[in-house]
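Novice: Predicted coordinates and the sequence they were generated for:
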Amino acid sequence: MNIITITSISGASPYDIYVCDITNTYCYLVSGSTILPPLISFVVPPPLEGVTQLLLKLIDSNSCSKFYYYSCPNMVLF
């Protein structure tokens, strides 16, 4: 089970947080209308569970998107 933790982010909250495959073809919403801080932790959704390379797509309230490459399980991103 891969757990991702986000402790902070820049932009305008709230955020929608997606986990995507490395090609950004398949994306799954893991948290909507999220306000950071405090930190948020979530399990990688089953379709992408076990994959070692992912993209995190974060969309803020201004519809600005940021992408973060993720390659290690159980890693704190920020």
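Specialist: Sure thing, it's come through.
Novice: Tell me, how many residues neighbour the residue nearest to Val44 when sequence neighbours are not counted?
Specialist: Using CB to CB, 6 or more residues apart in numbering and skipping the chain neighbours, the partner closest in space to Val44 is Asn2 (4.2 Å). C-beta coordinates here come from the backbone N, C-alpha and C atoms, glycine included. Asn2 is flanked by 19 other residues according to other CB atoms under 10 Å.
Novice: wait, doesn't Asn2 sit right on Val43?
Specialist: Yes: the criterion here is CB atoms under 8 Å, and Asn2 meets it with Val43 at 7.0 Å.
Novice: shared neighbours of the two, anything?
Specialist: Shared contacts of Asn2 and Val43, defined by CB atoms under 8 Å, 6 or more residues apart in numbering, are found at Glu49.
Novice: Buried ones in the lowest-mean-pLDDT helix or strand in the chain, by neighbour count?
Specialist: Across the helices and strands of the chain, mean pLDDT, DSSP states H and E gives its lowest value to strand 3-6, namely a mean of 84. Residues 4, 6 are the ones in strand 3-6 that count as buried (16 or more other CB atoms under 10 Å).
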